[in-house]
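Student: Below are the sequence and a predicted model; questions follow.
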Amino acid sequence: MTILVDTNIILDLFLEREPYTDAARVIITKCAKRDVIGYLAAHSIPNLFYILRKRYTPKERRGLIKNLCDIFRISDLNAEKIISAVDNEGFSDFEDCLQEECAVEAVADYIVTRNPDDYKKSRIKVIEPDEFVKILQNDRI
């Protein structure tokens, strides 16, 4: 199974945002163990580095980013994806549209996010973290 993990799931774990931390931990752990093929969109990396600045030192953030790059495959951005996202009027949020473009290229089964309403026009099925954890438990992955 292949998933694209939205930035908010990573933040849930690193910022210990309850009640979402446990599901985020399960998802990231499954990706780390390679039970699930996990992708992050390239633009999530600088966003994470910036958002995490209030809680983590630059050295700690560098370590976190390196770990994420070991756990996840990184879907790069290129002109084709950017232009496709710009032309896509089905999304009100450009960043979410870029996430979806990366998920399409990865041939993901799901985009795992806590903001499913932002992905109503997604070509990839969107699922919330708790729902995805239930699928993992039912499939014994």
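Tutor: Nice, thanks for sending it over.
Student: Excluding chain neighbours, give the residue nearest to Ser122 in space.
Tutor: Distances taken as C-beta to C-beta, 6 or more residues apart in numbering put Glu100 closest to Ser122, at 5.0 Å, once the chain neighbours are dropped. Using the backbone N, CA and C atoms, a C-beta is placed for each residue, glycine as well.
Student: Surely the one you found is in a helix?
Tutor: Yes - counting by DSSP: H, G, I helix; E, B strand; the rest coil, Glu100 is found in a helix.
Student: tell me the contacts of it?
Tutor: Residues in contact with Glu100 (C-beta atoms under 8 Å, 6 or more residues apart in numbering) are 85, 88, 91, 111, 119, 122-124.
Student: how close does it get to Lys59?
Tutor: From Glu100 across to Lys59, the span is 33 Å (C-beta to C-beta, to the nearest Å).
Student: cool, Ile51 as well?
Tutor: 17 Å.
Student: More neighbours: those two, which one.
Tutor: Set Ile51 next to Lys59 and count neighbours by other C-beta atoms under 10 Å: Ile51 wins out with 17 against 8.
Student: in the helix-or-strand element of the chain with minimal mean pLDDT, what counts as buried?
Tutor: Lowest on mean pLDDT, DSSP states H and E among the helices and strands of the chain sits helix 79-87, with a mean of 91. Using 16 or more other C-beta atoms under 10 Å as the test for burial, helix 79-87 gives 81, 84-85.
Student: can you map out the helices along the chain?
Tutor: 7-14, 21-32, 44-51, 58-71, 79-87, 94-106, 129-139 (DSSP state H).
Student: quick one: contacts of the longest one?
Tutor: For helix 58-71, the surrounding residues in contact (C-beta under 8 Å, 6+ apart) are 10, 14, 28, 31-32, 38, 40, 45, 48-49, 52-53, 56.
Student: cool, the last one as well?
Tutor: Residues external to helix 129-139 that are found in contact with it (C-beta under 8 Å, 6+ apart): 1, 3, 9, 12, 20, 23-24, 26-27, 30, 35-36, 110, 112-114, 127, 141.
Student: what does the average pLDDT come to for that helix?
Tutor: Here helix 129-139 scores 93 as its mean pLDDT.
Student: Tell me what angle that helix forms with helix 21-32.
Tutor: If you take axes from the mean of the first three to the mean of the last three C-alpha atoms, to 10 degrees, helix 129-139 sits at 50 degrees to helix 21-32.
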